[in-house]
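generate a structure from the sequence data that follows.
(2 chains)
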Protein chains: 2
Amino acid sequence: MLYATPTNIILASESPRRRDLLSSVLGTIQISRPSFEESLQVGEAPAKYVERNSFGKASSIAQLQGPGPWIVVGADTIVVKDGLVLEKPKSQSDAYQMLKSLSGGCHQVITGYCLLAPVGPAVIKHVVTQVYFLELSDTLIQRYIDTNEPMDKAGGYGIQGLAASFVEKIEGSYTNVVGLPLAQIVRDIEEIDSRFSRA
Amino acid sequence: MLYATPTNIILASESPRRRDLLSSVLGTIQISRPSFEESLQVGEAPAKYVERNSFGKASSIAQLQGPGPWIVVGADTIVVKDGLVLEKPKSQSDAYQMLKSLSGGCHQVITGYCLLAPVGPAVIKHVVTQVYFLELSDTLIQRYIDTNEPMDKAGGYGIQGLAASFVEKIEGSYTNVVGLPLAQIVRDIEEIDSRFSRA
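Residues are numbered from 1 along each chain as shown, chains lettered A, B, ... in the order given. Predicted coordinates for the structure are as follows:
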């Protein structure tokens, strides 16, 4: 393994993309379905919202754990277009509206993540990536919706899937758009892991 | 399929990453091994070099084709650090030197691509992506080399593999770093494809 983390890593997320990202470099990780209801509060800043969600997910799992050593990872990813938060589309026409609004312009993908461990302070951060879409024709948007890829993804697209062909460029972490800012989170996990060896 | 290109697409590259990128959105494509010797000329600009290579690869395949319709895709990807071109490492110690030089700083990944068809002018372009690496410890570099991932990749790393955890951020096309600027090349392929329907 690339990183020698002896600690039990518990991902408080059922996203297969997050699982694949983390396990690709950390090896076997545990998956737990968090019990936490996401709901945007009136006037809440997007970055604050994803951080709060990531903490809510992580703590719902952390409180079930024994003395450790373990690290629970919570995360939440949203797409923000002109200040408006786009989560997973509720319908095909919802997906159409989202993709139409992203066409030919720039939007932000924000992932909040939270690391909880039985020793030391919580890590709660967010990472922003700017994403630039080419113009998408109505035909292309419709074909894309027909593939069903948009339906379970924030903002109605998967950058690691067919929508890779929509993205002219990004500024920031690519894996952050997929669901976790991998480089950043791995460094934080290593830092927390060193707490246990010091303890 | 997301893009309805009736034309036969022939990829003049044996890179499995390029094949996967193109076929993910275009469906079945043909693969042909190009006969072209890459060699950097003294004083040649990196962008010029990859464009020349992409043309050399594409034309070695195009000249074997019949009247068409077909589009041959050639491409070449290099990593540039402080003006120095890094291609595939020739040895483990070569890989070590490359990764050490990329650690904690910014470098450029340049992909040149060339599209040849039996009608209309050739498309020859290059796309640059800035890549920012976190600091890599010697231990981490050595562990990474031990995985064997660096050996067949320009600059000694694969952004779509374990080295995803080295990349703090990028500016530009992500798929360009993998081996093909997918959004750009698909638009160019569609444009060429429309030549055939007009013909």
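
from here on, contacts and neighbour counts on C-alpha atoms
Fine.

is stretch A:184-199 anywhere near chain B?
Yes: applying C-alpha under 8 Å from any C-alpha of the partner chain, one finds stretch A:184-199 in contact with chain B at A:184, A:186.

would you indicate which residues of that stretch are buried?
Of all the residues in stretch A:184-199, those buried under the rule 16 or more other C-alpha atoms under 10 Å in any protein chain shown are A:184-186, A:189, A:192-193, A:196.

again, but for stretch A:160-178
For stretch A:160-178, a neighbour-count test (16+ other C-alpha under 10 Å) marks A:162-178 as buried.

just these that are near chain B?
Applying C-alpha under 8 Å from any C-alpha, the subset of the buried residues of stretch A:160-178 adjacent to chain B comprises A:162, A:164-175.

tell me which of those residues fall in helices.
A:174-175 (DSSP state H).

and the residue nearest to the spatial centre of chain A, how close does it get to B:Y49?
The centroid of chain A falls nearest to A:G179 when counting by C-alpha atoms, centre = their mean (3.0 Å). With the distance defined as C-alpha to C-alpha, to the nearest Å, A:G179 ends up 36 Å from B:Y49.

cool, and A:V109?
From A:V109 over to B:Y49 the distance is 35 Å, taken as C-alpha to C-alpha.

what about these two, which has more around it?
Taking neighbours as other C-alpha atoms under 10 Å in any protein chain shown, A:V109 and B:Y49 compare with A:V109 leading, 27 against 23.

which residues touch that one?
Applying C-alpha atoms under 8 Å, 6 or more residues apart in numbering or on different chains to A:V109 gives the contacts A:77-80, A:128-131, A:176-177.

which of those tops the neighbour count?
Busiest of the contacts of A:V109 [other C-alpha under 10 Å] is A:T77, holding 31 neighbours.

now that one: phi and psi?
Here is the backbone geometry of A:T77 (degrees, to the nearest 10): phi -120, psi 130.

which of the three states applies to the nearest residue to it once chain neighbours are set aside?
Spatial nearest neighbour of A:T77, excluding adjacent residues (C-alpha to C-alpha, 6 or more residues apart in numbering or on different chains): A:T111 at 4.2 Å. Put simply, A:T111 is strand when judged by DSSP: H, G, I helix; E, B strand; the rest coil.

how close does A:T111 sit to chain B?
14 Å (C-alpha to the nearest C-alpha, to the nearest Å).

okay, and the beta partners of that residue?
A:T111 has these beta-bridge partners by DSSP bridges: A:T77, A:V127.

model confidence for it, exactly?
Looking at A:T111, its pLDDT is 98.

go ahead and confirm it touches A:H126.
Yes: contact criterion C-alpha atoms under 8 Å: A:T111 and A:H126 qualify, at 5.5 Å.

who's more crowded, the two?
Using other C-alpha under 10 Å, the more surrounded residue of A:T111 and A:H126 is A:T111, with 28 against 23.

which residues touch the more buried one?
A:47, A:50-51, A:75-78, A:126-128, A:176-177, A:179-181.

which one of these is nearest to chain B?
A:P181 (8.1 Å; C-alpha to the nearest C-alpha).

these two touch, right, the closest one and A:V127?
Yes: under the criterion of C-alpha under 8 Å, A:P181 makes contact with A:V127 at 6.9 Å.

which neighbours do those two have in common?
A:111, A:173.

look at the two and report which has more neighbours.
Applying other C-alpha under 10 Å to A:P181 and A:V127 shows that A:P181 carries more neighbours, namely 31 against 21.

helix or strand for the closest residue to A:L40 other than its chain neighbours, which one?
Excluding the flanking residues, the one nearest A:L40 by C-alpha to C-alpha, 6+ apart is A:Y49, at 6.6 Å. Applying DSSP states H and E as the criterion places A:Y49 in helix A:46-62.

who are the packing partners of that helix?
strand A:70-81, strand A:106-116, strand A:123-133 (3 or more C-alpha pairs under 8 Å, 6 or more residues apart in numbering or on different chains; DSSP states H and E).

what mean pLDDT does it get?
On average, the pLDDT along helix A:46-62 is 97.

thinking again about what came up before, in helices, which of the buried residues of stretch A:184-199 fall?
Of the positions in these, A:184-186, A:189, A:192-193, A:196 sit in helices, assigned by DSSP H.

and the least confident of those?
In terms of pLDDT, the weakest of these is A:F196, which scores 86.

could you count how many residues lie near the nearest residue to it once chain neighbours are set aside?
Among residues not flanking A:F196 along the chain, A:P69 sits closest, at 6.7 Å (C-alpha to C-alpha, 6+ apart). Neighbours of A:P69 under the rule other C-alpha under 10 Å: 17.

next up, the contacts around A:P69.
A:7-8, A:117-118, A:196.

chain B: which of those residues is nearest?
Each of the contacts of A:P69 was checked against chain B using C-alpha to the nearest C-alpha; the closest is A:T7, at 18.0 Å.
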